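Colleague: Need a 3D model of the following:
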Amino acid sequence: MRNFVSKIAAEIPPSGIRKFFDLVLTMDNDKVISLGVGEPDFDTPWNVSKAAITSIEKGMTMYTSNRGLPDLCSALSKDLEKRYNTPYSPNEIIVTTGVSEGFDIAVRAVVNPGDEVIVVDPCFVSYKSEVLMAGGKPVSLPCDAKDQFKVTPDALMEKITPNSKTLIINFPNNPTGGVMGRDDLKAIADIIIDHDLLLISDEVYSELTYEGSHVSAASIDGLWDRTITLNGFSKAYAMTGWRLGYLCAPKEICDAALKIHQYVMMSAPTASQFAAIEALKNAEDSKNEMVAEYRIRRNLFVKGLNDIGLPCHLPKGAFYAFPSIEGTGLSDEEFAERLLTEQQVAVVPGSAFGESGVGHIRTCYAVDRTKLTEAVRRIGVFVESLS
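Modeller: Numbering: from 1, shown residues only. Next up, the predicted model:
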């Protein structure tokens, strides 16, 4: 029998996050403290869940419009302009099955075979693989700890060639917690415009910004008409399992992405869309309470990591800390595997997120303070054992 697996499917690597998550499942879960999976430990606000339940009780369980419920698209349009000064009409928005689907259809809508796609590095594990699946060529754009993991103009210029078409960024960043402020984005905007690049900006952690307010890339002068903005409800409203995100783009690009969405997804989950409307209207206080708690945990956890000898910059967004483990003499893979087996703390090797992540580990502090404190103690015992 011939091999039926496609060349692309055979060659793309498995997710480095899942590898360690699967390892955790083989261990005694009562003893393991998992800092590996990036999702809130809070429940979805009850009024949001109730809105979905009510929609089901009323029999609203059919497909919605491909684009999404008109009321949700209108609510998103108003919210985006008010919160980020990004004026998208309802016809420039697609409600997607999580930001992951939004990212997939965005890439497939704009990337032709052979196009070079510059991707911020470290980055979420799916970015480069999805570029490959679209036939594009991912080009890593290093972001270093010395620059607080931001994109610098010089680093961007080094990666641009005549074949460059698209730049993918993600701020606040997974896995580093790095943030790009207005001045940082302005500093790369002219380069994007001068070289006629399209920007795909994944902003799913926008509401988890701890110093000041999030700045959406599309709000920078000259970028709106060459930016696809991705966002969702998973992180801000503790709704990871609801699988609801959205894509915003100028109409021509949005219409192209909508065609792909029509064929691969039809429409996002209906009950989740009703929940999202309630989240936008009446869950601001719940969201702010969660963000305030994440800020406290961040300060506690990052101080603890630095105190035990793992240098860690202060992440200004998301809920990840990205300490360096180079001083231990172990590779990030070896550090993560031995930490899990010897101290039952699960983290993800930084190399899973790209070449610039080598020598770091990703730790998610969306875990209660008692467990975080114990995790720091165990990591400290492990580090001490290496000396």
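Colleague: Break down this structure into its helices, ranges please.
Modeller: 7-11, 16-25, 46-57, 70-84, 98-110, 126-133, 153-159, 182-194, 251-264, 270-282, 284-307, 332-343, 369-385 (DSSP state H).
Colleague: and the second one, C-alpha only, in PDB?
Modeller: Pointing back at helix 16-25 there. Extracted in PDB, the C-alpha atoms of helix 16-25 (Å, rounded to 0.1, in the frame of the first residue of the first chain):
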ATOM      1  CA  GLY A  16       5.800  21.200  21.500                       C
ATOM      2  CA  ILE A  17       3.100  22.200  24.000                       C
ATOM      3  CA  ARG A  18       1.100  19.100  23.500                       C
ATOM      4  CA  LYS A  19       4.200  16.800  23.900                       C
ATOM      5  CA  PHE A  20       4.600  18.000  27.500                       C
ATOM      6  CA  PHE A  21       0.900  18.100  28.200                       C
ATOM      7  CA  ASP A  22       0.700  14.400  27.200                       C
ATOM      8  CA  LEU A  23       3.600  13.700  29.500                       C
ATOM      9  CA  VAL A  24       1.700  15.200  32.400                       C
ATOM     10  CA  LEU A  25      -1.200  12.900  31.700                       C
END
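Colleague: quick one: average pLDDT of it?
Modeller: For helix 16-25, the mean pLDDT works out to 75.
Colleague: so it versus helix 332-343, what angle?
Modeller: Interaxial angle of helix 16-25 relative to helix 332-343 (axes from the mean of the first three to the mean of the last three CA atoms, to 10 degrees): 20 degrees.
Colleague: Other residues contacting helix 16-25?
Modeller: Residues outside helix 16-25 that contact it (CB atoms under 8 Å, 6 or more residues apart in numbering): 32, 34, 36-38, 125, 336-337, 340, 346-349, 351-353. (Each C-beta comes from the backbone N, C-alpha and C, glycine too.)
Colleague: repeat for the shortest one
Modeller: Outside helix 7-11, the residues within contact range by CB under 8 Å, 6+ apart are Asn3, Leu132, Met133.
Colleague: Give me the buried entries from the residues you listed.
Modeller: Leu132, Met133 (16 or more other CB atoms under 10 Å).
Colleague: Closest one to Leu244 out of the contacts of helix 7-11, please.
Modeller: Met133 (22.6 Å; CB to CB).
Colleague: Return the residues in contact with the closest one.
Modeller: Counting by CB under 8 Å, 6+ apart, Met133 makes contact with Ile8, Ile12.
Colleague: follow-up on the earlier one: any chance of the contacts of helix 7-11 in CSV, plus distance to Val376 and pLDDT?
Modeller: Shown next, in CSV, are the contacts of helix 7-11 (distance: CB to CB, whole Å; pLDDT from 0 to 100):
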residue, distance to Val376, pLDDT
Asn3, 47, 92
Leu132, 37, 95
Met133, 39, 94
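Colleague: And the contacts of helix 7-11, which is closest to Pro175?
Modeller: Nearest member of the contacts of helix 7-11 to Pro175, counting by CB to CB, is Leu132, at 20.1 Å.
Colleague: okay but the closest one is in contact with Val107, surely?
Modeller: No. At 9.8 Å, Leu132 does not count as touching Val107 under the criterion of CB atoms under 8 Å.
Colleague: ok and the helix or strand of the chain with the lowest mean pLDDT relative to helix 126-133, angle-wise?
Modeller: The helix or strand of the chain with the lowest confidence, counting by mean pLDDT, DSSP states H and E, is helix 16-25 at a mean of 75. With the same axes, to 10 degrees applied, the angle from helix 16-25 to helix 126-133 works out at 120 degrees.
Colleague: List the buried residues in helix 16-25.
Modeller: Gly16, Ile17, Lys19, Phe20, Leu23, Val24.
Colleague: Tell me, how many residues neighbour the residue lying closest to Asn306 once chain neighbours are set aside?
Modeller: Nearest non-adjacent residue to Asn306, counting by CB to CB, 6 or more residues apart in numbering: Cys312, 5.6 Å away. Neighbour count of Cys312, defined by other CB atoms under 10 Å: 20.
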